[in-house]
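> With the sequence up front, the predicted model follows.
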Amino acid sequence: FHLIIASGEVAAGGADAAATHLEAASAGQAPTFDTSLLAMRIAALRGDTAAVTAHADTALADFLNELSTWGDRVEMYLMLSRQDGFREQLHRLFANDPRRGLALELAWRQLRRYAAEDSRTETAGAVSRLLEFGQAQVEDLAAWTGSGDDRALIFARLGGQIHRWQVVSGTVGRDSISIGEVAPLLESVPHRLAETMALDGAPVSDELARDLAPVTRVLMPDGVRGAEGGRLLLATTATIDPLALEACNVGDAAGYAPLAARWQTAYLRLQDVAAAPERAQVSCVVGVPEPSPAMRRERPSLRSLPYVLVEAERAAEQLPGPVLLVNDDARKDAIVAELERAGTIYIAGHATHDPEMPYRSFLPCAPDPADHDPARARLAFADILRCDLSACELVVLSSCRGASGRATGSVVGPALADAFSDAGAAAVIAARWAIEDEAAAGFMGEFLAAGQGGGPPDAWDGLHRVRRNRFDAESGANLTWLIYELELGRLPR
């Protein structure tokens, strides 16, 4: 009761009254995450910077300890999304320092991995250690943009604003965008994009081109608009992810020129600055063209995918050291056994996606003849997280909506592609929208053909080449070439 009253007093700006109720609530008890967070907010109202930092250390140490106990369970993503208030409080510590603010944001996005790796539980200096973790990544990102041709844009919602960090030529800048400017875009653009992608050929209408132009004006800085560039790394936030930034119109008023046609775009999931092991010389290729009878009863919308088998066999011909698992051989236990050995993972088949419950997304597998439980004939989010994919340079999810699921209302829900990135894969190519199996096989056939010397294609250059060829061939008349996107777990070497 006293904590509820104290929270209300903080919201009203009553620091002394809040402190009184907090003291009553915590008398004789050790600090908890909730009491430390409240004490931090009270100290902020009083302008006591030292006390803010001390309470932030206690709250962060408690939160990390709790987070580390969850292991690979997907509920930890929900825990993180529910602590945006704490994240905003931490950001206020570095409001006047864009570089340290970016370090905090990058570190927070990897808090699940940080909690698992950092076994230090002492409270003192918890925020400083987290900041050091993020600062190493900022330095790496700054070095990556040092040539001036490449840049990175990182977006984060903090209160009523979208903060935008831009890393260009090794320098870090930050500005902000009002949620009021973004709200009208969210009312029209995601719906119109989804409608377009549901049509055969995904035609770009004049209305869609007009809707996508304000996305550029509001969210893209001057250096990105209207010019051919190099590589552009994007890290979005749940609020703006539905806007599909790669599709935004950076052309003039006379036509449609999507961002991804001017820049080689990719999304940054997490940036692992540790030395990555050498790529494993094995390719795990999976093809599941037929859902099992039990899976069909559970998911009646899943149908046969006749092109999957052709696609998987072609991938096995073009990738090094292939282990081909198709039809009845594509059981969950066989797939999991090969994932950690693979330098390239290629999966063709269905992917289930529930926008209301993204944690339940999975890849259907072949059933075990001795096990009739359909729940075990699936590669689920937690199964992927339990794998060590740090030797994997490329994952291809040739299925529907493997990159979808990041935002559900105010809750950040992970996509299947995120699971592979979070397990350590360097790059993941997956579809944001639905795609027919024939179209998927054709697109990925072009992508695989970009490989040289018997190896897999470079994820960034190969995907951009296919996109650009298709965009030029269609004169930008449709968006099917934008269905697949690239997510990076590590910066290219």
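All right, it came through fine. Numbering: from 1, shown residues only.
> all contacts plus neighbour counts: C-alpha atoms, from now on.
Noted.
> so what's A434 up against?
197-198, 399-401, 483 (Cα atoms under 8 Å, 6 or more residues apart in numbering).
> now the strands: where do they sit in the stretch 251-400 of the chain?
264-268, 283-288, 322-326, 344-349, 362-364, 378-380, 394-398 (DSSP state E, counting those that start in this stretch).
> which stretch among the ones you listed comes nearest A6?
strand 264-268 (38.8 Å; Cα to Cα).
> Adding mean neighbour count and distance to I162, write the strands of the stretch 251-400 of the chain out as JSON lines.
Formatted as JSON lines, the strands of the stretch 251-400 of the chain follow (neighbours: other Cα atoms under 10 Å; distance: least, Cα to Cα, whole Å):
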{"stretch": "strand 264-268", "mean neighbour count": "23", "distance to I162": "17"}
{"stretch": "strand 283-288", "mean neighbour count": "28", "distance to I162": "40"}
{"stretch": "strand 322-326", "mean neighbour count": "21", "distance to I162": "44"}
{"stretch": "strand 344-349", "mean neighbour count": "27", "distance to I162": "35"}
{"stretch": "strand 362-364", "mean neighbour count": "24", "distance to I162": "31"}
{"stretch": "strand 378-380", "mean neighbour count": "21", "distance to I162": "32"}
{"stretch": "strand 394-398", "mean neighbour count": "26", "distance to I162": "30"}
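> wait, which of those strands is closest to L104?
Of the strands of the stretch 251-400 of the chain, the one closest to L104 (Cα to Cα) turns out to be strand 264-268, at 15.4 Å.
> Which strands or helices does the closest one pack on?
strand 231-235, helix 459-474, strand 484-488 (3 or more Cα pairs under 8 Å, 6 or more residues apart in numbering; DSSP states H and E).
> Which stretch among the ones you listed is buried most, on average?
strand 484-488 (a mean of 27; mean count of other Cα atoms under 10 Å).
> Quick check: phi and psi on D422?
Taking degrees, to the nearest 10, you get phi -70, psi -20 for the backbone angles of D422.
> residues contacting the closest residue to it other than its chain neighbours?
Once flanking residues are discounted, D422 sits nearest to L385: 6.8 Å by Cα to Cα, 6 or more residues apart in numbering. For L385, the contact set (Cα under 8 Å, 6+ apart) comprises 72, 419-420, 422-423.
> quick one: G125 from Q110, how far?
Distance, G125 to Q110, using Cα to Cα, to the nearest Å: 18 Å.
> and if you look at A44?
From A44 to Q110 the distance is 26 Å (Cα to Cα).
> likewise A27?
On the measure of Cα to Cα, A27 and Q110 end up 34 Å apart.
> Can you tell me which helix or strand of this structure has the lowest average pLDDT?
strand 407-408 (a mean of 48; mean pLDDT, DSSP states H and E).
> So for the helix or strand containing D175, what gets flagged as buried?
Assigned by DSSP states H and E, D175 falls within strand 171-178. Judged by neighbour count using 16 or more other Cα atoms under 10 Å, the buried positions of strand 171-178 are 171-172, 174, 176-177.
> picking up where we left off before, who wins for proximity to G8 among the strands of the stretch 251-400 of the chain?
Here strand 264-268 is closest among these (Cα to Cα), at 37.6 Å.
> circling back to that earlier point, of all the contacts of A434, which comes closest to A477?
Out of these, the member with the shortest distance to A477 (by Cα to Cα) is M197, at 12.6 Å.
> Enumerate every residue touching the closest one.
433-434, 479-480.
> need the residues you listed in JSON lines with pLDDT and distance to M79, can you?
Output for the contacts of M197, formatted as JSON lines (pLDDT from 0 to 100; distance: Cα to Cα, whole Å):
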{"residue": "W433", "pLDDT": "90", "distance to M79": "27"}
{"residue": "A434", "pLDDT": "89", "distance to M79": "29"}
{"residue": "L479", "pLDDT": "86", "distance to M79": "35"}
{"residue": "T480", "pLDDT": "86", "distance to M79": "35"}
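> Among those, which one has the most neighbours?
T480 (24 neighbours; other Cα atoms under 10 Å).
> quick one, phi psi at it?
According to degrees, to the nearest 10, T480 has phi -60, psi -30.
> Got phi/psi on the residue nearest to it when sequence neighbours are not counted?
In this structure, T480 finds its nearest non-sequential neighbour in A202, 5.8 Å apart by Cα to Cα, 6+ apart. A202 adopts backbone torsions of phi 40, psi 60, taken as degrees, to the nearest 10.
> hang on, the earlier thing: so which of the contacts of L385 is surrounded by the most neighbours?
F420 (28 neighbours).
> wait, isn't that one in contact with V428?
Yes - F420 lies in contact with V428 (Cα atoms under 8 Å); the separation is 7.2 Å.
> And the residue nearest the centre of the chain?
The centre of the chain sits closest to R269, judged by Cα atoms, centre = their mean, with a distance of 4.4 Å.
> Excluding chain neighbours, what is closest to L339?
C284 (6.6 Å).
> Oh, that last question was meant for L270, not what I typed.
G489 (4.9 Å).
> contacting residues for the one you found?
268-272, 421-422, 424-428.
> Quick check: helices, which of these are part of them?
Members of the contacts of G489 lying in helices (criterion: DSSP state H): 421-422.
> The contacts of G489: which two are farthest apart?
Farthest apart among the contacts of G489 - using Cα to Cα - are D272 and V428, which lie 14.4 Å from each other.
> neighbour-wise, which of these two wins?
Each of D272 and V428 has its neighbours counted (other Cα under 10 Å); V428 has more, 31 against 19.
> now the closest residue to that one other than its chain neighbours, which residues is it bridged with?
Closest residue in space to V428, ignoring its immediate chain neighbours: V395 at 4.6 Å, by Cα to Cα, 6+ apart. V395 forms beta bridges with I345, V428, as assigned by DSSP bridges.
> ok, V395 touching I345?
Yes - V395 is within contact range of I345, at 4.6 Å (criterion: Cα under 8 Å).
> Where does pLDDT dip in the stretch 51-200 of the chain?
Low-confidence segments of the stretch 51-200 of the chain (pLDDT under 70): 70-75, 116-121.
> hey, where'd the helices end up in it?
75-81, 84-92, 98-109, 111-117, 126-144, 179-197 (DSSP state H, counting those that start in this stretch).
> Let's have these in JSON lines, adding distance to R378.
What follows is those, written out as JSON lines (distance: least, Cα to Cα, whole Å):
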{"stretch": "helix 75-81", "distance to R378": "19"}
{"stretch": "helix 84-92", "distance to R378": "32"}
{"stretch": "helix 98-109", "distance to R378": "27"}
{"stretch": "helix 111-117", "distance to R378": "24"}
{"stretch": "helix 126-144", "distance to R378": "35"}
{"stretch": "helix 179-197", "distance to R378": "27"}
